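>>> based on what follows, work out the 3D shape:
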Amino acid sequence: MRFIFGFYNSLFDYYIMQKIKTALLSYGMSGKVFHAPFLTFHPGFELTGSWERSKKVIHLDFPKVKSYESIEELLDDDVDLVVINTPVATHYEYTKKVLQAGKHAIVEKAFTTTVAEAQELLALAKEKRLKLAVFQNRRWDSDFKTVQKIIFDELLGEIVEAEFHFDRFNPLLSPKQHKETINCGSGILKDLGPHIIDQALCLFGLPRSVFADIRITRKNSLVDDYIDIVLYYPNFRVRLKAGFFVREANPAYVIHGKKGSFLKPRGDVQEDELKLAKKPNLTTWGTESIEKRGLLHTEIDGKIINEMIPTLQGNYYDFFEGVYDSIVNDSIEPVTAKDGVAVMQIIEAAIQSSVQRKVIDL
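Numbers count the residues shown, from 1 in each chain. Just a heads-up that it's a prediction; the model follows:
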């Protein structure tokens, strides 16, 4: 018996200590802010380096890692997992190369530029028996996690309608050229859109049909910067909006049910704190300000509740923990390629709807 317990303890220690050697395809804002802090904090990952095309800056933060000259050099190295955090238009090409090289992959949103590309990558990952996760980190925002709990706990009764916003006041064009030039990956629909689309699908699944209004509102803009998408479910509707001319913020989440309502402002602090070079932890990280609490007005067991409720803690660490577990223990990815395909289905339907000015059935 002692031998058996010793065997399983050794096996447990092996999995705990196993390192996933991970490389980035870029070390700009995304690599520096969203990925490297968690890959170096999580004990199961080892950051090997990043492909750097012009500026060689990763050594300033991590002196011992490599600065790869090309994706080929990176893929020839002893790497288990690659983060595809390059512009959207390159996701399909680079992810395909990564999978064909026998590496697991994390792909940022938007997963690809078309449904066909997403489905091909899903099939390739299955064929190669590799893990392919989509970096939909906003599932682990404090505000969304709170909304998710309210809905899953059925505190509002049967849902009638929901509205999600990802609004900003930013009339100026981005200095990042790939975001402002016409290409298959540019525009707000494939930038901010995937966040709220994925959140809606995470909560409610695929809708039956889609209607969308996609516009350009900024002076001299060449790409879409306003979206208004309606997802049609059998008994309720979900509206998703994002734009750059919202000086006075709407609630980020408004959910109405047959028993009550929940209104929650956007309050997650993780992106802002990561930009300030603050390091993640497992205790206080992702704790938002008390002023950002949501308003719950509903009826529970015959009693009317109308009060501000505490916000759950957010932590993007949980995404990386899920990726680690999926690779080491062959569990399902925290956000699957199938999830990525579903988001692309909504995006393609939204584009078609906006062009044709009609509801598109899925």
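
>>> just the helices in this structure please.
For the chain, the helices defined by DSSP state H occupy 2-17, 29, 36-41, 58-61, 71-76, 91-100, 115-128, 142-152, 177-180, 193-204, 270-275, 317-328, 337-356.

>>> what's the single longest strand in this protein?
strand 159-167 (DSSP state E).

>>> gap between it and the chain center?
18 Å (CA atoms, centre = their mean, to the nearest Å).

>>> tell me which strands it pairs with, and in which orientation.
Strand 159-167 sits in its sheet next to strand 237-243 (parallel), strand 253-257 (antiparallel), going by DSSP bridges.

>>> first-to-last residue distance for stretch 171-181?
Terminal residues of stretch 171-181 lie 16 Å apart, using CA to CA, to the nearest Å.

>>> ok, and the closest non-adjacent residue to V254?
E163 (4.5 Å; CB to CB, 6 or more residues apart in numbering). C-beta here means a position set from N, CA and C on the backbone, and glycine is covered the same way.

>>> which residues touch the one you found?
Contacts for E163 (CB atoms under 8 Å, 6 or more residues apart in numbering) come out as V238, R239, L240, K241, Y253, V254, I255.

>>> just give me the closest of those to D272.
Nearest to D272 among the contacts of E163: Y253, at 18.8 Å, using CB to CB.

>>> so who does the closest one touch?
Taking CB under 8 Å, 6+ apart, we find Y253 in contact with D143, F144, V147, A162, E163, F164, H165, F262, L263, K264, G294.

>>> excluding chain neighbours, what is closest to the last one?
Read that as G294. K264 (3.4 Å).

>>> that neighbour touches V147, doesn't it?
Yes. Between K264 and V147 there is a contact at 5.8 Å, judged by CB atoms under 8 Å.

>>> now distance to L47 and mean neighbour count too, for the helices of the chain, in CSV please.
Formatted as CSV, those follow (distance: least, CB to CB, whole Å; neighbours: other CB atoms under 10 Å):
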stretch, distance to L47, mean neighbour count
helix 2-17, 17, 9
helix 29, 17, 12
helix 36-41, 5, 21
helix 58-61, 9, 16
helix 71-76, 12, 16
helix 91-100, 16, 21
helix 115-128, 22, 17
helix 142-152, 26, 20
helix 177-180, 24, 15
helix 193-204, 25, 22
helix 270-275, 15, 16
helix 317-328, 12, 20
helix 337-356, 23, 20
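
>>> any chance of those helices in CSV, plus distance to K303?
Shown next, in CSV, are the helices of the chain (distance: least, CB to CB, whole Å):
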stretch, distance to K303
helix 2-17, 46
helix 29, 47
helix 36-41, 41
helix 58-61, 53
helix 71-76, 59
helix 91-100, 49
helix 115-128, 46
helix 142-152, 17
helix 177-180, 49
helix 193-204, 26
helix 270-275, 35
helix 317-328, 33
helix 337-356, 37
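
>>> to V230, which of those lies closest?
Closest of the helices of the chain to V230 is helix 337-356, at 8.9 Å (criterion: CB to CB).

>>> using CSV, list the CA coordinates for the closest one.
In CSV, the C-alpha atoms belonging to helix 337-356 read as follows (Å, rounded to 0.1, in the frame of the first residue of the first chain):
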residue,chain,number,x,y,z
ALA,A,337,-11.0,26.1,-31.0
LYS,A,338,-14.7,25.1,-31.3
ASP,A,339,-15.5,28.2,-29.3
GLY,A,340,-13.4,30.2,-31.7
VAL,A,341,-15.3,28.8,-34.7
ALA,A,342,-18.6,29.9,-33.0
VAL,A,343,-17.4,33.5,-32.6
MET,A,344,-16.3,33.6,-36.2
GLN,A,345,-19.8,32.3,-37.3
ILE,A,346,-21.3,35.3,-35.5
ILE,A,347,-18.8,37.7,-37.1
GLU,A,348,-19.4,36.4,-40.6
ALA,A,349,-23.2,36.6,-40.1
ALA,A,350,-22.9,40.1,-38.7
ILE,A,351,-20.9,41.3,-41.8
GLN,A,352,-23.5,39.6,-44.1
SER,A,353,-26.4,41.2,-42.2
SER,A,354,-24.9,44.7,-42.2
VAL,A,355,-24.3,44.5,-46.0
GLN,A,356,-27.7,43.0,-46.8
